[in-house]
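In: Requesting a structural model of the entry that follows:
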Amino acid sequence: MSALNLAVHPHRRLNILTGEWILVSPHRAKRPWQGRVEPIMEERIAAYDPTCYLCPGNERAGGIRNPKYDKTFVFTNDFSALLPETPIAEERINDLLMAKGEHGICRVVCFSPRHDLTLAEIEASEIRTVVDMWTEEYKVLGSSPNINYVQIFENKGQLMGCSNPHPHGQIWAQSSIPTEPAKELTQMSQYFKTHQSCMLCHYLELELKDSERIVCDNQSFVALVPFWAMWPFETIILSKQHWGDLLEMNGAEKEALADIIKRMTARYDNLFQVSFPYSAGLHQAPTDGKKHPEWHFHMHFYPPLLRSATIKKFMVGYEMLANPQRDITAESSAERLRALSELHYKKTKKQ
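Out: You can find the predicted model right below:
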């Protein structure tokens with residue numbers, strides 16, 4: 001039998017962070033960037049929108065008015081999915097119907113006072129202020145005895161269900177460890193127990209040695225398309241040092257995180273010359289009061305676009321009933337992203 005060629009033959013890849021498998025069918029789309037690219041006319045957005053509930057000085061729900069902030073701004077979500085006064089009670093019927101109260105707090109982080117800019121367009125120094133805000137919120141929220149996990153994330157673009165273009169993200173802090181981080185905790189803990197060392201540290205060593213899936217890096221972080229990527233241009237940012245959370249990073253290291261977020265999001269926008277939609281989030285150590293030497297800081301980017309600004313990857317059929325599947329390989333996606341400029345396409349058009 002001939003050797004398996006990952007660039008040609010259908011195969012499965014293991015996601016070491018979740019323990020789940022993905023089917024890769026490279027023979028169906030060997031060159032994903034060939035074919036029609038469909039540019040779209042983006043709506044021109046003003047720097048300030050008097051009707052936006054996130055802009056400085058504007059009124060939010062219930063008559064609350066934002067301060068005239070000039071950097072980042074954080075507030076408790078007016079329509080929180082989690083509430084701090086929820087009783088931690090449980091209902092169970094015959095081990096078939098189960099429900100548990102979930103205590104928590106939801107915060108909104110406005111990245112910039114500018115209504116018309118995204119992380120890809122603001123300066124790295126401004127992203128650094130966002131990183132500082134994330135750090136402080138993780139510290140304060142995670143210090144509560146009722147909070148065992150703090151999830152920081154951003155949904156960007158209407159395609160990801162974001163109805164307001166003002167650059168912002170969210171922080172949900174809750175009493176349980178959510179499903180995805182819980183899967184990662186299990187995987188990292190099992191590896192640490194077996195090898196007495198960090199799974200993602202070892203994985204990063206392999207990626208740095210191979211370099212085929214690396215998009216860009218700096219002194220403290222690497223952005224790459226993970227071997228097990230599910231979405232067409234999915235990436236993960238990994239810290240080169242073994243940190244569990246933002247609190248372990250110094251000023252220079254937070255600047256490096258801001259730098260690589262800026263470079264990665266600019267590449268995304270440049271891919272199809274559009275404000276690239278995605279869901280992204282930090283995965284940090286749980287705040288459950290336990291030590292987590294197995295946990296390695298990382299940030300996920302899950303973008304849905306496939307071939308152009310208007311063609312997206314859907315998770316349907318086989319993906320919903322069996323397991324995730326992709327046609328383009330992680331290696332080809334990384335090659336495409338790596339070749340892109342880090343100068344935002346809007347700035348290129350102005351020159």
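
In: Please work out which residues outside the lowest-mean-pLDDT helix or strand in the chain touch it.
Out: Lowest on mean pLDDT, DSSP states H and E among the helices and strands of the chain sits helix 345-350, with a mean of 81. Where contact means Cβ atoms under 8 Å, 6 or more residues apart in numbering, the residues beyond helix 345-350 that reach it are Glu121, Asp269, Asn270, Gln273, Ser341. C-beta here means a position set from N, CA and C on the backbone, and glycine is covered the same way.

In: Surely the first one and Phe276 touch.
Out: What it means is Glu121. No: using Cβ atoms under 8 Å, Glu121 makes no contact with Phe276, being 11.4 Å away.

In: So for the two, which residue has more residues nearby?
Out: Set side by side, Glu121 and Phe276 show more neighbours around Phe276, with 24 against 19, by other Cβ atoms under 10 Å.

In: In contact with the nearest residue to that one once chain neighbours are set aside, which residues?
Out: Spatially, and ignoring its direct neighbours in sequence, Phe276 is nearest to Tyr268 (3.8 Å; Cβ to Cβ, 6 or more residues apart in numbering). By Cβ under 8 Å, 6+ apart, the contact set of Tyr268 is Ala120, Phe233, Phe276, Tyr278, Phe301, Pro303, Leu337.

In: related to what we said a few turns ago, okay if I get the contacts of helix 345-350 as TSV plus distance to Met315 and secondary structure?
Out: Below are the contacts of helix 345-350 laid out as TSV (distance: Cβ to Cβ, whole Å; DSSP: H, G, I helix; E, B strand; the rest coil):
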residue	distance to Met315	secondary structure
Glu121	29	coil
Asp269	23	helix
Asn270	25	helix
Gln273	25	coil
Ser341	30	coil
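
In: between those residues, which is closest to Ala47?
Out: Glu121 (11.5 Å; Cβ to Cβ).

In: Could you tell me what pLDDT the model assigned to the closest one?
Out: pLDDT for Glu121: 96.

In: again, but for the one 10 residues further on
Out: Among the per-residue scores, Val131 shows a pLDDT of 98.

In: Same question for Val37.
Out: 54.

In: what about Arg338, how many neighbours?
Out: Neighbours of Arg338 (other Cβ under 10 Å): 17.

In: On the three-state scheme, the residue nearest to it when sequence neighbours are not counted is what?
Out: Distances taken as Cβ to Cβ, 6+ apart put Val215 closest to Arg338, at 5.1 Å, once the chain neighbours are dropped. Put simply, Val215 is strand when judged by DSSP: H, G, I helix; E, B strand; the rest coil.

In: Does Val215 touch Arg336 like I think?
Out: No: taking Cβ under 8 Å as the definition, Val215 is not a contact partner of Arg336, at 9.4 Å.

In: between the two, who's got more neighbours?
Out: Val215 (24 against 19).

In: if I look at that one, how far off is Lys346?
Out: 21 Å (Cβ to Cβ, to the nearest Å).

In: now do Phe276
Out: Phe276 is 12 Å from Lys346, by Cβ to Cβ.

In: contacting residues for Met230?
Out: Asn15, Ile22, Tyr302, Pro324, Arg326.

In: do that again at 7 Å, thanks
Out: Ile22, Pro324, Arg326 (Cβ atoms under 7 Å, 6 or more residues apart in numbering).

In: where along this structure do the helices fall?
Out: Counting by DSSP state H, one finds helices in the chain at the ranges 124-142, 179-195, 199-210, 251-272, 318-321, 330-338, 345-350.

In: closest to Ala173 out of these?
Out: Of these, nearest to Ala173 by Cβ to Cβ is helix 124-142, at 4.0 Å.

In: Contacts for that closest one next, please.
Out: So helix 124-142 is contacted by 71-72, 74, 105, 107, 109, 111-112, 119, 147, 150, 152, 171, 173, 245-247, 254-255, 257-259, 261-262, 282, 284, 287 (Cβ under 7 Å, 6+ apart).

In: go on, stretch 269-283?
Out: Here stretch 269-283 has contacts from 37, 39-40, 42, 118, 120, 134, 151-157, 159-160, 181, 184, 233, 268, 298-305, 308-309, 337, 340-341, 344-345, using Cβ under 7 Å, 6+ apart.

In: and these, which are buried?
Out: Taking 16 or more other Cβ atoms under 10 Å as the criterion, what is buried in the contacts of stretch 269-283 is 118, 120, 134, 151-157, 159, 181, 184, 233, 268, 298-305, 308-309, 337, 340, 344-345.
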